[in-house]
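Q: whatever this is, show me its structure:
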Amino acid sequence: MKTILYVEDNAIVVQAYKGVLTRAGFNVDVADDGLVAMKKLAMTQPDLVLLDLMMPKINGTDVLKYIRSTPKLKPLPVIVLSDGTMADVADMALRLGVQGTLLKSQCTPDELIKLIRKVVGEDAPPAPPAA
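A: Numbers count the residues shown, from 1 in each chain. All right, here's what the predicted structure looks like:
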């Protein structure tokens, strides 16, 4: 089972997407701000980071810079899932090497799952557990 570190400060958004990701067969760890994300990344390495850009304490762009400047984390795939009012910030994220950007307001759960599966190399849903 692939592990996703979901970095998002909005508890309602976290609850919605964590459920979607869990039902899709992913293990989801949550960091509610950039500082927590960086601490978690220093201790463990997920298979993918799903990253909001606008957060308190340390924003997502700084988390992405940390990931790309840390040798053991540099190859870690990152998908930005953030607000549509941040085109310039999203462009910077793409320049810093993310595997995709999605707008929260326009992204469906199916689109998110499809992109995650493509990035982590899972083309099909996991088999259901044996009864």
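Q: please pull out the lowest mean pLDDT helix or strand from the chain.
A: When the helices and strands of the chain are scored by mean pLDDT, DSSP states H and E, helix 87-95 comes last with a mean of 67.
Q: the helix or strand just after it: which residues count as buried?
A: The helix or strand immediately downstream of helix 87-95 is strand 100-103, counting by DSSP states H and E. Neighbour counts over strand 100-103 (16 or more other CB atoms under 10 Å) mark 100-102 as buried. For the C-beta atoms, the positions are set from N, CA and C on the backbone; glycine is no exception.
Q: just name the closest of those residues to Leu35, please.
A: Thr101 (22.3 Å; CB to CB).
Q: phi, psi of the residue lying closest to that closest one once chain neighbours are set aside?
A: Closest residue in space to Thr101, ignoring its immediate chain neighbours: Val80 at 4.3 Å, by CB to CB, 6 or more residues apart in numbering. Main-chain torsions, Val80, degrees, to the nearest 10: phi -90, psi 130.
Q: was I right to think Ala24 contacts Lys114?
A: No - counting by CB atoms under 8 Å, Ala24 stays clear of Lys114, with 9.9 Å between them.
Q: these two: who's more crowded?
A: Ala24 (20 against 13; other CB atoms under 10 Å).
Q: residue contacts, the residue nearest to the more buried one when sequence neighbours are not counted?
A: In this structure, Ala24 finds its nearest non-sequential neighbour in Ile113, 4.8 Å apart by CB to CB, 6+ apart. Neighbouring residues of Ile113 by CB atoms under 8 Å, 6 or more residues apart in numbering: 20-21, 24.
Q: roughly how far does Ile113 sit from Leu73?
A: Per CB to CB, to the nearest Å, Ile113 is found 24 Å from Leu73.
Q: now swap in Lys18 and tell me
A: 22 Å.
Q: before we move on, which element is the closest residue to Pro109 other than its chain neighbours in?
A: Nearest residue to Pro109, sequence neighbours excluded (CB to CB, 6+ apart): Val20, at 4.4 Å. Assigning secondary structure by DSSP H and E places Val20 in helix 11-23.
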